[in-house]
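In: Mind looking at a prediction? Sequence and model below.
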Amino acid sequence: MSAYVIARVEVTDWDKYKEYLKVGPGTIAQYGGRFIARAGEAVTLEGSEESRRLIILEFPSLAKAKAWYNSKEYQNAKKLRAGASTGSLIAIEGVEANH
């Protein structure tokens, strides 16, 4: 069953964050992941206005999403964004196609 990683990121140092962008996204495909949405235009339909970068990734399974996040490759990339952004990443299982 597919799984999704939802990231909400507030960039605090764009120069440093750009270094992360050179490496971090390249780690995703190695674990079967792909971008569904990547910091495009967002419109808040309900609730507090969202001003952070929003990213949605799809992986073949929750296990693959967790393997990507915990991988040496991503942990090395993650160090590049330390001090350049704050935010949250959440992994969630999708629903079966017949639901």
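Out: Ah, there it is.

In: Only C-alpha atoms from now on, for both contacts and neighbour counts.
Out: Will do.

In: In the protein, what residue spans correspond to helices?
Out: Per DSSP state H, the chain carries helices over the ranges 14-23, 62-70, 72-81.

In: got those as CSV, with mean pLDDT and distance to Ser88 columns?
Out: What follows is those, written out as CSV (pLDDT from 0 to 100; distance: least, CA to CA, whole Å):
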stretch, mean pLDDT, distance to Ser88
helix 14-23, 95, 15
helix 62-70, 98, 12
helix 72-81, 94, 13
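
In: Ile55: which of the ones you listed is closest?
Out: Judged by CA to CA, the one of those that comes nearest to Ile55 is helix 14-23, at 12.6 Å.

In: which residues does the nearest residue to Ser51 once chain neighbours are set aside bridge with?
Out: Distances taken as CA to CA, 6 or more residues apart in numbering place Glu10 nearest to Ser51, at 7.8 Å, with adjacent residues excluded. Counting by DSSP bridges, Glu10 is bridged to Thr86.

In: count of residues packed around Glu10?
Out: Glu10 is flanked by 15 other residues according to other CA atoms under 10 Å.

In: Next, work out how far apart it and Leu54 are.
Out: Relative to Leu54, Glu10 is positioned 9 Å away (CA to CA, to the nearest Å).

In: Then Tyr31?
Out: Taking CA to CA, one finds Tyr31 at 20 Å from Leu54.
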